[in-house]
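S.K.: Pasting a predicted model and its sequence here:
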Amino acid sequence: VGTASGAVSIGSTHIGNKYFPSTDYCALNPTIWIGEISQVAENISNWTKGFPDRDIDVLINITPNDPIFSENIEMKNLSIATGASVSQTNESQIDVYGDFQNNGTYNPGNSTLAFKGNEIQNFSTNNTISIYNLTIDNDNSLNLLSGNVDIFNSLELTTGDLITNYDHTIPGNNLVTFKSSATHTSFISEIENGNTVVGEVRTERYIGKSNRAFRYLSSSLNSVGTLLDDWQEGVHNTVNNYNNNKNPHPGYGTHITGSKQGANGFDASLTGNPSLFTWEVSSNSWTSVSNTDQNKLKAGNSYSLLVR
């Protein structure tokens, strides 16, 4: 019969847009990206032990060619080393059946990162990672251990929950943000089977620069912070001097007026006229908001906001 060292593989197949690894008689993990031939992740010669599958771990190291996944593929644990990079294109989907650890760079393109394990899966990143589509198809849920996640298109909870572990009193970690731009706002797909997001998230709504106008807004979530925190960058002006305008996060937030002196969380204005109203169903009318340092956004409530 003889003996063999290392991994011995016989054959491999490519059917449609799914890659099936060959029979691995030594079943040694992981398969490591070496990128000696090209950036094509579907080229078997770029891997040390052939294509991964749901039982094979993947390690992405720094190589001459960073991998680009343009076809659907499965793997067990995915680890991206410091300085290494992984990209997806062509609406491809990476199915992860174990844990995901990112110490490098992940470029999502217009593709999907899906978690499909049968035990709780852990997600960790040492930076803010961008994801186009995030899918959770695991009854035991996905647990965000560390890092921040920006979702640019959709979150789909097929089965299981997304556990963020975010604490707004300790900002800067475990924050999941649903991004918004001039062309698109990310969303959570229709939730079935009682799945949910466990923990706090942040949602954005892009409003372009144009003329002074009232904008009609509504939140899809109940807010943890106040209107001051969410829509005014956590600060407000108490004097009518634009040279002293507070703007800790350029590109975010707006002025909300309702007091000449900047009381109750409002930005000071010469007239003190209100610029934020909420719709009162009982009276069938718009009513000015009484303060921004205590009131919070409530899911489904309607607001009319003058954006300057």
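M.R.: That came through, no problem.

S.K.: Nearest residue to residue 101 in space, please, no chain neighbours.
M.R.: Nearest residue to residue 101, sequence neighbours excluded (CB to CB, 6 or more residues apart in numbering): residue 79, at 4.7 Å. Placement of C-beta: from N, CA and C, glycine included.

S.K.: One more: residue 52?
M.R.: Spatially, and ignoring its direct neighbours in sequence, residue 52 is nearest to residue 75 (4.0 Å; CB to CB, 6+ apart).

S.K.: now the one you found, which residues is it bridged with?
M.R.: Counting by DSSP bridges, residue 75 forms beta bridges with residue 96.

S.K.: before we move on, what about residue 185?
M.R.: With DSSP bridges as the rule, residue 185 is bridged to residue 180.

S.K.: Show the contacting residues for it.
M.R.: Residues in contact with residue 185 (CB atoms under 8 Å, 6 or more residues apart in numbering) are 178, 179, 204, 205, 206.

S.K.: contacting residues for residue 302?
M.R.: Residue 302 makes contact with 216, 217, 218, 278, 279, according to CB under 8 Å, 6+ apart.

S.K.: can we see that at 7 Å?
M.R.: Neighbour list for residue 302: 216, 218, 278, 279 [criterion: CB atoms under 7 Å, 6 or more residues apart in numbering].

S.K.: so how many other residues sit close to the third one?
M.R.: Using other CB atoms under 10 Å, the number of residues around residue 278 comes to 17.

S.K.: Am I right that it is in a strand?
M.R.: Yes. Looking at residue 278 with DSSP: H, G, I helix; E, B strand; the rest coil, it is inside a strand.

S.K.: Wait, it touches residue 301, no?
M.R.: Yes. In this structure, residue 278 is within contact of residue 301 by CB atoms under 7 Å, at 6.0 Å.

S.K.: where do the contact lists of the two overlap?
M.R.: With CB under 7 Å, 6+ apart, residue 278 and residue 301 have no common neighbours.

S.K.: State whether residue 228 is indeed within a strand.
M.R.: No. According to three-state DSSP, residue 228 belongs to no strand; its state is helix.

S.K.: ok, it - how many residues close by?
M.R.: 23.

S.K.: does it really touch residue 292, like I thought?
M.R.: Yes. The pair residue 228 / residue 292 is scored as a contact, 4.4 Å apart, by CB under 7 Å.

S.K.: who touches both of these two?
M.R.: residue 265.

S.K.: picking up where we left off before, so how far is residue 114 from the residue nearest to residue 52?
M.R.: Distance, residue 75 to residue 114, using CB to CB, to the nearest Å: 11 Å.

S.K.: what about the strands in the stretch 201-308 of the chain?
M.R.: With DSSP state E, counting those that start in this stretch, the ranges of strands along the stretch 201-308 of the chain come out as 202-203, 213-218, 257-259, 267-268, 276-280, 285-288, 302-307.

S.K.: Next, work out how far apart residue 147 and residue 211 are.
M.R.: 39 Å.

S.K.: One more: residue 270?
M.R.: Distance, residue 270 to residue 211, using CB to CB: 20 Å.

S.K.: what ranges do the helices span in the stretch 101-250 of the chain?
M.R.: Assigned by DSSP state H, counting those that start in this stretch, the stretch 101-250 of the chain shows helices spanning 227-231.

S.K.: picking up where we left off before, of the contacts of residue 302, which is the most crowded?
M.R.: In terms of neighbours by other CB under 10 Å, the contacts of residue 302 top out with residue 278 at 17 neighbours.

S.K.: which residues touch the closest residue to residue 162 other than its chain neighbours?
M.R.: Once flanking residues are discounted, residue 162 sits nearest to residue 197: 4.9 Å by CB to CB, 6+ apart. Taking CB under 7 Å, 6+ apart, we find residue 197 in contact with 161, 162, 164.

S.K.: Next, count neighbours for the first one.
M.R.: When you say that, I think you mean residue 161. 21.

S.K.: which residues sit in contact with the nearest residue to it once chain neighbours are set aside?
M.R.: With CB to CB, 6+ apart as the criterion, residue 161 has its nearest non-adjacent residue at 4.3 Å, and that residue is residue 141. Residue 141 makes contacts with 120, 160, 161, 163, as judged by CB under 7 Å, 6+ apart.

S.K.: at 8 Å what do you get?
M.R.: Contacts of residue 141 by CB under 8 Å, 6+ apart are 120, 121, 160, 161, 162, 163, 198.

S.K.: Go through those and single out the one with the most neighbours.
M.R.: residue 162 (24 neighbours).

S.K.: measure that one to residue 267 for me?
M.R.: 35 Å.

S.K.: again, but for residue 47
M.R.: Residue 47 sits 57 Å away from residue 267, going by CB to CB.
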